[in-house]
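# just need the structure, nothing else, for what follows:
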Amino acid sequence: KVFAKFNFLPWIVIGKLILVIVNIYVLFNAYFRAKEKLIFPVRKITKILQNFALGNFERTIHYSWSNEMGDLSNAVNRLGKRFRQLTEEYSFLKENFYQLLDCIEEGVLFLYGNTKIFFLNKRATELLVIPLQKITGKSLLSVIRNYEIIKETEEALRDGKIRELNLSYLIKEGTYKVLIIPVKENLKIINCVILIKDLTYVKNMEKVKTELIANISHELKTPITSIKGFIETLLDGAFKDEEITLRFLNIIDFEIGRLYRLIVDLINLSEIESGHLKIKNEKLKLEEVFEEINLIFKKRFEEKNLEFSYKSSISEMISDRDKLMQILINLVDNAIKYTPEGGKIWIESGGQNGEVTIKVCDTGIGIPEEHIGRIFERFYRVDKARSRESGGSGLGLAIVKNLAGALGAEIKVESRLNQGTKFIITFKS
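The predicted model follows:
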């Protein structure tokens, strides 16, 4: 009757509602606490690890948790720091390794997969005449149009054996050595390295050296044989004839003079080419230099009735007097030898744009066009018989060219057959 009188049912319902609200609050509170302690840290760590996967190791986790999530965050930060250090070390080593490869004389190609190019150094691009850009990832066949290299590379990748090739043609004719080296990991061939060495210059130098020795031997043998023959003839009794003796002694003297000039020229050329030549630059008055040349050759000019003159539009230049005199003496000596009687020899000089030009000209027999490109070679003679008769060593123009180079000058020649020759020396400022 009392309960019926007061009707507690609404209050019971209200109590249950309050209980539900309290439970919901407790659940939400627990959720947000869990989110703060677990979900937020996991999201932060996930984001940082995603950055690691992209190669960004700069970002770190800022945390204030002292539980297991704090330990995990600390470990991730230390991992990122270590990755950053390793990446910097790798980048440093890679950059220095590539720079080192760019400094070596051999062309280097790294291949991976099915003969795809991973890297090639600067020398390889020069030997193969290809641009450095946009080569990575291309097939070897698209870069090297050489069947033998392609075939041997494929074989090396198949059987793992090193290949060595000697080629006479790559992009142009020459002498090339190619080494193909398979690279293995756990007994499995993973890639390949190709080394290309250009031996053309070395082979050419060996050829020049062989020819030089042969030429020197020949040049020494000729006068020595002549001297020996005349001495033997004199010893056999010819010395009793005064006229014959005098003629033979003059010939012997001429041949000894040729030997002496050859030896002196060889010594001079060796000194110049060794790079140990000392250059003593000074202010020179060109008219004085040219007048000295006139005095040195005055007797020979008169003997062949040659007209010699000089003119200069500049009065002075800076150079080594002795070396310049040696150049001019060689050129004027040649001009006298190859200019017929009654001809003209003259020297001109001028300056423009800071450069000084000296020209040694003559009205001589000239040089055939097919010989002009070789006249500065050692022992090269256009007219071998005439050159030897005049006592030339065959080294004069080689000395001139090397001396001009030592003085920082360039020399070229212009010539027309039976009209004359002009040697032009240009001294750079």
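# show me where pLDDT drops low in this protein?
Where the chain drops to pLDDT under 70, the residues are 1-17, 20-41, 62-67, 69, 114, 132-134, 218-219, 274-276, 381-394, 429.
# all helices for it, in order.
2-6, 9-34, 40-53, 68-103, 122-128, 140-143, 147-159, 200-235, 242-273, 286-303, 321-337, 369-372, 384-389, 396-406 (DSSP state H).
# send me the fifth one as PDB with only the CA atoms.
Pointing back at helix 122-128 there. Provided in PDB are the C-alpha atoms of helix 122-128 (Å, rounded to 0.1, in the frame of the first residue of the first chain):
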ATOM      1  CA  LYS A 122      84.000   9.800 -67.400                       C
ATOM      2  CA  ARG A 123      86.800   7.900 -69.300                       C
ATOM      3  CA  ALA A 124      84.300   5.300 -70.600                       C
ATOM      4  CA  THR A 125      82.100   8.100 -72.100                       C
ATOM      5  CA  GLU A 126      85.200   9.500 -73.800                       C
ATOM      6  CA  LEU A 127      86.200   6.100 -75.200                       C
ATOM      7  CA  LEU A 128      82.700   5.200 -76.400                       C
END
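# tell me what that helix is packed against?
In terms of contacts (3 or more C-beta pairs under 8 Å, 6 or more residues apart in numbering; DSSP states H and E), helix 122-128 is packed against strand 107-112, strand 188-198. From N, CA and C alone the C-beta is placed, and that goes for glycine too.
# a markdown table please, covering the helices of the chain and showing distance to residue 423 and mean neighbour count.
Listed next are the helices of the chain as a markdown table, based on distance: least, C-beta to C-beta, whole Å; neighbours: other C-beta atoms under 10 Å:
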| stretch | distance to residue 423 | mean neighbour count |
| --- | --- | --- |
| helix 2-6 | 138 | 7 |
| helix 9-34 | 97 | 10 |
| helix 40-53 | 71 | 14 |
| helix 68-103 | 39 | 13 |
| helix 122-128 | 34 | 19 |
| helix 140-143 | 46 | 16 |
| helix 147-159 | 46 | 16 |
| helix 200-235 | 23 | 13 |
| helix 242-273 | 18 | 15 |
| helix 286-303 | 13 | 14 |
| helix 321-337 | 5 | 20 |
| helix 369-372 | 11 | 12 |
| helix 384-389 | 17 | 13 |
| helix 396-406 | 8 | 21 |
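# with distance to residue 413 added, can I get the ones you listed in a markdown table?
Conversion of the helices of the chain to a markdown table gives the following (distance: least, C-beta to C-beta, whole Å):
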| stretch | distance to residue 413 |
| --- | --- |
| helix 2-6 | 136 |
| helix 9-34 | 95 |
| helix 40-53 | 69 |
| helix 68-103 | 38 |
| helix 122-128 | 31 |
| helix 140-143 | 42 |
| helix 147-159 | 42 |
| helix 200-235 | 21 |
| helix 242-273 | 19 |
| helix 286-303 | 19 |
| helix 321-337 | 10 |
| helix 369-372 | 6 |
| helix 384-389 | 16 |
| helix 396-406 | 9 |
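# looking at those helices, which is closest to residue 170?
Closest approach to residue 170 among those (C-beta to C-beta): helix 122-128, 6.4 Å.
# what's in contact with the closest one?
Contacts to helix 122-128, defined as C-beta atoms under 8 Å, 6 or more residues apart in numbering, come from residues 102, 104-109, 120, 131-132, 135, 143-144, 170-171, 176, 196, 198.
# ok, stretch 160-174 next?
Residues external to stretch 160-174 that are found in contact with it (C-beta under 8 Å, 6+ apart): 127-129, 146, 148-149, 152-153, 155-156, 175-182, 184, 189, 196, 198-200.
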